[in-house]
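A.B. asks: Here is the input, now give the coordinates:
(2 chains)
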Amino acid sequence: MKKNRLSLVALGMLAIAAGVFTSCKPKKVGSMMAGDAAQKVYVAPGQYDEFYLFTSGGFSGQLGVYGLPSGRLLRNIPVFAQDPTSGWGYSEETKPMLNTSNGFVPWDDSHHPELSKTNGEDDGRWIFINGNNTPRIARIDLTTFRTAEIIELPNAGGNHASPFCTENTEYVVGNSRFSVPLDGKDDVPITTFKENFKGAATFVKVNPKSGNMSIAFQIVVPGFNYDLAHAGKGVSHDWVFFTCYNSEQAHNLLEVNASQNDKDFVMAVNWKKAEELVAQGKGKKIPAKYAHNVYNESSHSATSTMENEVTVIMAEDMPGLVYYIPCPKSPHGCDISPDGKYIVASGKLAATIPVFSFEKLLKAIDSKAYEGEVAGIPVLKYESVLAGEVQQTGLGPLHTEFDDKGFAYTSFFVSSEIVKWDVEKRVVVDRAPTYYSIGHLCVPGGDSRKPSGKYVIALNKITKDRYLPTGPELNQSAQLFDISGEKMTLLLDFPTIGEPHYAQAIPADKIVKNSKKFYKIEDNTNPFVTKTEAEARVVRKGIRVDVYMTAIRSHLNPDNIEGIKPGDEVYFHVTNLEQDWDVPHGFAIKGADNAELLVMPGETQTLKWVPLRAGMFPFYCTDFCSALHQEMQGYARVSPASANVPLSFSGGANAAQ
Amino acid sequence: MKTGSRNIVLFCTLLMVGAFFFPFWKIILEAPQYPEGMEMKIWLYRITGDVDKINGLNHYIGMKMIMENEFPEFRIMPWAMGILIVFGVFTALLRIRVLLWAWIGTLLLAGGVAFYDFYQWLYDYGHNLNPHAAIKVPGMSYQPPILGYKQLLNFLAGSFPDTGGYLVIIAALGIVGIAISEQFGKK
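C.D. replies: Numbers count the residues shown, from 1 in each chain, chains lettered A, B, ... in the order given. Alright, predicted model coming up:
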């Protein structure tokens, strides 16, 4: 049966061939997983994490707070979005915080948290975050982890290049990702983009003591898409750098039309010079409507002021103020080395990373090494500013952070990895895959003068199969890497909320020591405060009914209210009389069309309730406060308009009589 | 031709009929952010698999859309395969050894033409890119390998026979084996 043998030989050959096909598959870069990873991220129960990590809430509009290295979620701070949990944006006291020139805007898209800095180091006093959609900047007080202030930016669209701060938090900046015509001159055909649309590099002054923000000036710049920014440090202290793409000035199909020029720009702005020009009266005041909202910690309430004008400087009229540096392939990230000597800009469609030298920038400006100008602003020669390019990196570099040993860490979206490179030598020394498609990354202090060399956190855009599935909608995924050794090693995956873009981390001790435990009741200046139970009362003025209510374990006072009519505007001003840490009381009433209140000890918050029909409406404490929390309740009786039920209440001022 | 040989030729021809019921070839793509991978299955008369997903990604580099009706081959290949099968059946029934060799020659020729054509398409898709593409890497082309794996930017592209292709390869090898044994084996 020779033929059969031959057939067998043939089949054998086939099997070998098939084996060769499949075995020649290149091996994947193994994810370097440290053997002792569990030990490195384990924070024993009751122990504290070493770092706070602040992650932008992305389309949640909030700010996440995590502990590192455990990856434990500590808090989700409401900023730009209403938060029914705490009543933020629902209570009468907090509603003005979300006021804008477009009215009440209860949501935003928050991208970049930026810790306040002193001498270029994170000082742990405040953290700023941008609202991209309705251009705003918020300041969060890190003693209370509450949003203390929100300022709107006029003349802007898509406040993306924000809110990066200068070395001593002299200014936080903003700029338009969607350039728009100046306010009031914006009813023009979109096809007139090139002549009418402008960017607005906005400098928001920060009061060094109070932190209060005010718009110092806006530099009107050509209408490109201003993407990210970072301020100089040390030698480059006086400058802020913005990346921009769409130098094509396309206004439709940007995916294609804004990707045509081989190079777009890094925009260098001398803010010291701008400050001088404004001081010399070279700025021009123009009408602009924008809201400035401040939360007062004593009155526990916010005020919203509508501003009417802003100072602008036209970049093209002020030589020496603004320069463009050509940068390949639609640059995105704009990051400055800890010593302030290098500007790293990443072309998101590029395969190399250009590193610009601040020293060469000054020389190029001195020697007028221009290759031309756009809209009256000089464009420097690429080579005259370039320190060098990092070659053979990956594909799609986005953002760079630095460590304390002279290395930079750049995220690569397309090739889904972090690449570590030597800043001075500009050579790649290590790479680690991320799961999946990393956007921003964060080294604690990684954009400051004093970075820590311990961890890098990858903020990934795509989650897919990293955790148990939760249907089509998934949280985002962060990954913690140990960078203390030569090789980056993966330690931990943890889910994050609402697509964090940038994140910043800070040693916990810089914040813990200032953390507030509760508000002193004697400092409470809320006009509707009820400082003792004896003062609790209900007052009617027309259809307005003010309930001065106290909450203390385990009763609300007053707890029975009668004589309310449909259509009355009832304001429950709830003061929490507790004076101890972590004893909040909640307040909710049946049928309320807004939310609950969560009132911290010593604080007063107000819930507006308009009953639409007669009935019996229970109210109660929602935060389990004590053994008799379930007894902490009351009733509001709403009688028909025709009924003759007088206004009355139990407890409070009545009981004291 | 011996009866046993005839039966094996008939059996191998029958295997080739499987090419109508299984995909012939597959192109697979893997990337860090696509851990599950993507597959494009090429049949004698159609394309299936993650073609839409692949087209969605390819537009970044300016590759043309892969669309079934772009390929006249899908109208020709079923006939070509049918003719080969009928040819095989006749060869087996007539038991003529020379016809067996002629059949193998035709099969090799058809395979050669098919691979040349496949290569042309791969070259065309990999090189003729839209100059206005968002991602343009100087000197980079995106031609997948004709067989085996190749790294294309962040994607690992692989090109391999699929079930139908393997059936035809097994059949062809079987028939070559029979032809050799008929020619050189003890009578």
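A.B. asks: Can you give me the end-to-end span of stretch A:607-618?
C.D. replies: By C-alpha to C-alpha, to the nearest Å, the extent of stretch A:607-618 from end to end equals 15 Å.
A.B. asks: Show me what counts as buried in it.
C.D. replies: With burial defined by 16 or more other C-beta atoms under 10 Å in any protein chain shown, the residues of stretch A:607-618 counted as buried are A:607, A:609, A:611, A:614, A:617. In this view, the C-beta of every residue, glycine as well, is placed from N, C-alpha and C.
A.B. asks: Check the offset of it from the chain's centre.
C.D. replies: Mean-position distance between stretch A:607-618 and its chain equals 37 Å (C-alpha atoms, centre = their mean, to the nearest Å).
A.B. asks: Could you pull up the mean pLDDT of that stretch?
C.D. replies: With pLDDT averaged residue by residue, stretch A:607-618 scores 98.
A.B. asks: contact partners of that stretch?
C.D. replies: For stretch A:607-618, the surrounding residues in contact (C-beta atoms under 8 Å, 6 or more residues apart in numbering or on different chains) are A:87, A:90-92, A:564-572, A:574, A:587, A:589-597, A:633-640, A:643.
A.B. asks: from the buried residues of stretch A:607-618, which ones fall inside strands?
C.D. replies: Among the buried residues of stretch A:607-618, the members found in strands (DSSP state E) are A:607, A:609, A:617.
A.B. asks: which of the buried residues of stretch A:607-618 sit farthest apart?
C.D. replies: Maximum pairwise distance among the buried residues of stretch A:607-618 (C-beta to C-beta): 20.1 Å, between A:607 and A:614.
A.B. asks: on that earlier part again, could you turn the buried ones of the contacts of stretch A:607-618 into a ChimeraX selection?
C.D. replies: The following ChimeraX line selects those of the contacts of stretch A:607-618 that are buried, judged by 16+ other C-beta under 10 Å:
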select /A:87,90,91,92,564,565,568,570,571,572,574,587,589,592,594,595,596,597,634,635,636,637,638,639
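A.B. asks: Show me which strand runs longest in chain B.
C.D. replies: Ranking each strand of chain B by length (DSSP E) puts strand B:34-42 first.
A.B. asks: and that strand, what does it pack onto?
C.D. replies: Packed against strand B:34-42 by the contact rule (3 or more C-beta pairs under 8 Å, 6 or more residues apart in numbering or on different chains; DSSP states H and E) you find strand B:25-31, strand B:47-49, helix B:51-61.
A.B. asks: number of nearby residues for residue B:127?
C.D. replies: Using other C-beta atoms under 10 Å in any protein chain shown, residue B:127 is surrounded by 11 other residues.
A.B. asks: So it sits against residue B:140, correct?
C.D. replies: No: counting by C-beta atoms under 8 Å, residue B:140 is not a contact partner of residue B:127; they are 10.2 Å apart.
A.B. asks: quick one: the spatially closest residue to residue A:427 that is not a sequence neighbour from residue A:353, how far?
C.D. replies: Residue nearest to residue A:427 in three dimensions, not counting chain neighbours: residue A:421, with 6.3 Å by C-beta to C-beta, 6 or more residues apart in numbering or on different chains. Here residue A:421 is placed at a distance of 8 Å from residue A:353 (C-beta to C-beta, to the nearest Å).
A.B. asks: any shared contact partners between these two?
C.D. replies: A:390, A:393, A:410.
A.B. asks: Lowest-confidence one in these?
C.D. replies: In terms of pLDDT, the lowest of the shared contacts of residue A:421 and residue A:353 is residue A:393, showing 81.
A.B. asks: Helix, strand, or coil at that residue?
C.D. replies: With DSSP: H, G, I helix; E, B strand; the rest coil as the basis, residue A:393 sits in coil.
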